[in-house]
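> coordinates only, no sequence provided:
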Ligand code: GLA
């Protein structure tokens, strides 16, 4: 989950891997190991990860590319292609940078240093085509790329799940967003044409095939980023925890909202706080909804699946209150369109994208219609991304020059 950033972005780099390779040579005179780490979508199951429920994300064909190599001294030198900015520090004194983007990398280094106290520094050049602030987890992708790269060059022997936890801890402790595990897990464990049904309590997961020539996943980017998103996110998490505490006074066996029922919420939470009740009620309903939607997928009942996506949106808007006018407008626009099977806001909320399941042959016309209407209403040029489901974080071995 990204904090708001006003830093300048450029989007004209068409081939990141080869640009990174040559920039690395130019800056450091070394051949870079190149890691690709993707952004993610989430079909359904929002804000359920930190409540120990289920999520249904996938990695996508938009990614961070990160070149990395060891140095002979103790310095860390990082160049960001997109921000056209540099950062440098000593590996033995990791502290927040004061300009956000380096913190996603430094947070990971800090986690690794807790165990390894590495003395040797490294060089990094990175960039990518995940639009920042769009709710596609560019920050998680950057954290995963850094964790994967450091694991590789320093032979740290971490398993992929350890790297996911490291990346999440970096975001929680260093960046200060108390996010759940979904984004980092999806970026790391993504698989081509497969959704990941993840149980966020046991971390057991199953791949669910999701590929059809008839259906496309289309994201509509509001291009809205609210600066209070991170604090509102942390507040939602606290409200969920407050709900659990109220139930625990009588049911100590309830460890998270995963274990709670609507009846418990009515009995123990609603009389104390209407707002906490609303938050918790959404989560309890959403966990159930996800399980039902997985059955829809098994039964190939996409109409039922899509209906649940709209229901999720309504809950996020009215009960969890993490939507915004622009997101609601985009969802309302497609609600009665027979070519849109399902739609909802996606990710943490307060801006970013809606996710839409759309009949393939209608995609182009829909993008035009929604884009024009959005522009007329808001004065903002909407962006649309037709995404493919791709593999998760890994070393890039083949790329064109
Ligand atoms: C952000 C967080 C995730 C998750 C989603 C909401 O993306 O980083 O952990 O909580 O919001 O589902």
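Noted; the coordinates are in hand. All figures in this text were calculated on a predicted structure; none of them were measured in a lab. Numbering: from 1, shown residues only.

> write out the residues of the chain neighbouring the ligand.
By Cβ under 6 Å from any ligand atom, the part of the chain that sits against the ligand consists of 1, 46, 47, 49, 50, 137, 179, 180, 182, 183, 347, 348. For glycine as for every other residue, the C-beta is placed from the backbone atoms N, C-alpha and C.

> can you pick the most crowded of the residues you listed?
residue 137 (33 neighbours; other Cβ atoms under 10 Å).

> contact partners for the nearest residue to that one once chain neighbours are set aside?
Excluding its sequence neighbours, the residue lying closest to residue 137 (Cβ to Cβ, 6 or more residues apart in numbering) is residue 183, at 3.9 Å. Contacts for residue 183 (Cβ atoms under 8 Å, 6 or more residues apart in numbering) come out as 1, 40, 57, 137, 139, 140.

> got the buried residues for whichever helix or strand the fifth one is part of?
Right, the one you point to is residue 139. Element membership for residue 139, per DSSP states H and E: helix 138-153. Within helix 138-153, the residues that qualify as buried are 138-151, counting by 16 or more other Cβ atoms under 10 Å.

> can you list these in CSV and add pLDDT?
Formatted as CSV, those follow (pLDDT from 0 to 100):
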residue, pLDDT
138, 96
139, 96
140, 98
141, 98
142, 98
143, 98
144, 98
145, 98
146, 98
147, 98
148, 98
149, 98
150, 98
151, 98
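
> how about the secondary structure of residue 73?
The three-state label given to residue 73 by DSSP: H, G, I helix; E, B strand; the rest coil is coil.

> just the pLDDT for it.
You'll see residue 73 listed with a pLDDT of 98.

> what's the local residue count around it?
So residue 73, with other Cβ under 10 Å, has 10 neighbours.

> what's the spacing between residue 387 and residue 123?
Taking Cβ to Cβ, to the nearest Å as the criterion, residue 387 is separated from residue 123 by 31 Å.

> can you list the domains in the protein?
16-210+390-395, 215-387 (automatic domain parsing).

> deepest of the ones you listed, which one?
domain 16-210+390-395 (a mean of 21; mean count of other Cβ atoms under 10 Å).

> ok so residue 224 is a helix residue?
No - when classified by three-state DSSP, residue 224 is found to be strand rather than part of a helix.

> assumed the residue nearest to residue 137 was part of a helix.
Yes - secondary structure of residue 183 (three-state DSSP): part of a helix.

> now flag whichever of the contacts of residue 183 is closest to residue 287.
Nearest to residue 287 among the contacts of residue 183 is residue 57, at 15.1 Å by Cβ to Cβ.

> partner residues bridging that closest one?
The bridge-partner assignment for residue 57, based on DSSP bridges, gives residue 42.

> pLDDT below threshold where in the protein?
1-14, 228, 398-401 (pLDDT under 70).

> and the longest helix belonging to it, what other elements does it pack with?
Using DSSP state H, we find that the single longest helix of the chain is helix 274-298. Contact here means 3 or more Cβ pairs under 8 Å, 6 or more residues apart in numbering; DSSP states H and E; on that basis helix 274-298 packs against strand 54-55, helix 229-248, helix 262-264, helix 302-318.

> relative to the first one, what are the paired strands and their orientations?
Same thing as strand 54-55. Applying DSSP bridges, strand 54-55 is found paired with strand 194-199 (antiparallel).

> list of residues touching the partner strand?
Strand 194-199 is touched from outside by 43, 49, 54-58, 181-182, 185-186, 189-190, 204-210, 294, 297, 389, with contacts defined as Cβ under 8 Å, 6+ apart.

> so it versus helix 274-298, what angle?
Taking axes from the mean of the first three to the mean of the last three Cα atoms, to 10 degrees, one finds strand 194-199 and helix 274-298 inclined to each other by 130 degrees.

> chain center to strand 194-199, what's the gap?
14 Å (Cα atoms, centre = their mean, to the nearest Å).

> surely residue 69 meets residue 27?
No - taking contacts as Cβ atoms under 8 Å, residue 69 lies outside contact range of residue 27: 10.7 Å.
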